[in-house]
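1. sequence below, structure please.
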Amino acid sequence: MLEKCLCAACTDTCERKTDRMNDEIVLCAANAYEKKFYLNPEFDSLPEQIRQELQIMCVLYTEDVGGVLMLVFDENGNLELKVDHEENDFFFDEIGSVLKIKELQQKKRELFESLEMFFRVFYLGEELEEETE
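-> Down below sits the predicted model:
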């Protein structure tokens, strides 16, 4: 179990969520306020192309709508996209955020499913289910 948020490099925005994140593992995060991207070092074994795709996706999201975007795995290995913003950020686009998340979930579905499988096999120790035709 994690004692603190792994994306503390982002700012206190993520630190406020520490209590809720006990059963979650942060894959990566991007922060529009600090202009930073964080990739959890536990996932350095991911192929470079995947890491770059995650960085591009997260940074483009925060540049487009603002705020902080975190990709986290829950205790069951499901990948969740979590968004936060500062209370006084009047430039944060809440409607655009929802639309952009839905768009990412559709366009990056295969990537997200692959990341979930990777997490379940390598971190949760689940057996890889082979598909039979």
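
2. pLDDT weak spots in the chain?
-> Residue ranges of the chain with pLDDT under 70: 1-22, 131-133.

3. now what about the helix or strand hosting residue 95, what contacts it?
-> Taking DSSP states H and E as the definition, residue 95 sits inside helix 94-107. Helix 94-107 is contacted by residues 57, 61, 64, 65, 67, 81, 83, 112 when judged by CB atoms under 8 Å, 6 or more residues apart in numbering. Any C-beta I mention is one placed from the backbone N, CA and C, and that applies to glycine too.

4. quick one: contacts for the last one?
-> So that's residue 112. Taking CB under 8 Å, 6+ apart as the criterion, residue 112 is in contact with 79, 105.

5. residue boundaries of the helices in this protein?
-> Remark: helices assigned in the chain by DSSP state H are 12-15, 48-65, 94-107, 109-122.

6. need those in TSV with distance to residue 25, can you?
-> Formatted as TSV, these follow (distance: least, CB to CB, whole Å):
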stretch	distance to residue 25
helix 12-15	13
helix 48-65	14
helix 94-107	19
helix 109-122	8
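
7. between those, which one is closest to residue 74.
-> When those are compared by CB to CB, helix 109-122 sits nearest residue 74, at 9.9 Å.
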